[in-house]
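Need a 3D model of the sequence below.
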Amino acid sequence: MGSQGSEHRARQRIRGVLFDKDGTLFEYHGTWVPIIFEAASMVAEGDAALISRLVVAAGYDEARRQIRAGSLFAGGDTIELADTWRQLGVRREQTDLVTSLDALFARLAPAMSVPVTDLPALFSTLTGRGLKLGLATNDVEASARALMARFALDPFLSFQAGYDSGHGAKPGPGMTLAFCERVGLAPGSVAVVGDNRHDLDMGRAAGAGLLVGVLTGTSAHADLAPLADAVIESVADLPSLLDVYV
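Sure, this is the predicted structure:
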């Protein structure tokens, strides 16, 4: 369990849940390591040394073959990624690079993502309790919507947003506040669930009532515990956690 800020949130009735996507609902490393290499290869124009620099700058740990916790690719958005890669030598105009990367992510991520649990069953359980559900990701919205459709999750969701949806990117509070406005809930009655600091900082900035970290993404328990009210192994454990709050 985390402790920061838990005193003023404890025992509030939670009526909505806003989920992060990658690393929270879907297995992170197996999905995104191949995609980051594909993206780097696309923009490096055959320069193997540049590909290596790009993926490492984005957060790839060559020794562990995983994306590092707190790295650009773990929590940033495509604009930040494009800025960094252009500084390293990618010879593309910023808008074109962002558009190309977003298109690649929207094409590959829905096909390659692996759920961490039976998500339709989980969402059915949560909505059956009267909870409103939403999705907030620093990925492009089109990619998120295609993925939700692929796994038949969109009927359960009252809100879906990416960094390009007009609410700002994480760790800003905009997507959480937009979810609250969409479903008619005060931030204090909403739980934010995610696998990295950006997710929890977003929820805290918006005044969310419960911050939940999960260990299916890029972060370890020690990374999340100081920021979260609770840290659980997986979203599969969320219903039992919410027994205390719903």
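
Show me the chain divided up by domain.
6-27+114-242, 29-112 (automatic domain parsing).

So which of those is the most surrounded?
domain 6-27+114-242 (a mean of 21; mean count of other C-beta atoms under 10 Å). All C-beta spots, glycine's among them, are computed from the backbone N, C-alpha and C.

Provide the secondary structure category for Thr127.
Under DSSP: H, G, I helix; E, B strand; the rest coil, Thr127 falls in the helix class.

can I assume it is in contact with Ala121?
No - applying C-beta atoms under 8 Å as the test, Thr127 and Ala121 come out as separate, 11.2 Å apart.

about what we covered before: make a markdown table out of the domains of the chain and add mean pLDDT.
Output for those, formatted as a markdown table (pLDDT from 0 to 100):
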| stretch | mean pLDDT |
| --- | --- |
| domain 6-27+114-242 | 94 |
| domain 29-112 | 92 |
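
Closest to the centroid, which residue in this structure?
Asp20 (3.6 Å; C-alpha atoms, centre = their mean).

That one: what's it in contact with?
135-137, 192-196, 199, 217 (C-beta atoms under 8 Å, 6 or more residues apart in numbering).

So which of those residues belong to strands?
135-136, 192-194 (DSSP state E).

Name the nearest of those relative to Val235.
Distances from Val235 to the ones in strands among the contacts of Asp20, taken as C-beta to C-beta, are shortest for Val193 (6.4 Å).

Relative to Ala225, how far out is the residue nearest to the closest one when sequence neighbours are not counted?
Take Val193 and drop its neighbours on the chain: the residue closest to it by C-beta to C-beta, 6 or more residues apart in numbering is Val212, 4.4 Å away. Distance, Val212 to Ala225, using C-beta to C-beta, to the nearest Å: 12 Å.
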